[in-house]
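J.: Here is a sequence with its predicted model. Questions after.
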Amino acid sequence: MNIDKIIKPINTEKTMMLMEKGIYSFLVDKSLNKESIKEIVQKTFKVEVESVKVLNRAGKTKMFRGIKGKMSDEKRAFVKVKEGKIDFEGGF
């Protein structure tokens with residue numbers, strides 16, 4: 001288990017409001033489960049994780065110059081932290 005499995009944090013207006021409540025969202029590798037996500041976040045950011053929720057999103061079908069294509073599927077993890085904050089300022 002390593003940090004490479006967490007692809008990037010998701011920074012949108014909605015996720016910024018969730019961060020104020022201690023819930024952080026990440027784009028993660030599709031092979032990870034809740035327990036492994038929890039373990040990686042705890043070791044990497046040195047915080048205690050209360051819960052992990054996972055969302056599997058199917059990629060949209062798009063048309064480009066008359067050719068059908070499909071955007072890639074993704075897996076998002078919403079991690080609730082008991083105490084402390086996760087700092088993204090130093091880079092991810």
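T.: In hand now; what should we look at?
J.: Wait, residue 38 touches residue 53, no?
T.: No. Using C-beta atoms under 8 Å, residue 38 is not in contact with residue 53; the gap is 11.0 Å. Where you see a C-beta, it was placed from the backbone N, CA and C, and this is true even at glycine.
J.: Comparing these two, which shows the higher neighbour count?
T.: residue 38 (18 against 13; other C-beta atoms under 10 Å).
J.: Could you pull up the residues touching the more buried one?
T.: Contacts for residue 38 (C-beta atoms under 8 Å, 6 or more residues apart in numbering) come out as 49, 52, 79.
J.: Following element in sequence after the helix or strand residue 36 falls within, please.
T.: Assigned by DSSP states H and E, residue 36 belongs to helix 34-45. The first helix or strand that comes after helix 34-45 along the chain, using DSSP H and E, is strand 49-57.
J.: Packing partners of that next one?
T.: Here strand 49-57 touches helix 34-45, strand 74-81, going by 3 or more C-beta pairs under 8 Å, 6 or more residues apart in numbering; DSSP states H and E.
J.: what's the closest of these to residue 11?
T.: strand 74-81 (12.5 Å; C-beta to C-beta).
J.: Give me the distance between the residue nearest the centre of the chain and residue 85.
T.: Per C-alpha atoms, centre = their mean, the C-alpha nearest to the average position across the chain is that of residue 26, at 1.3 Å. Distance of residue 26 to residue 85, computed by C-beta to C-beta, to the nearest Å: 15 Å.
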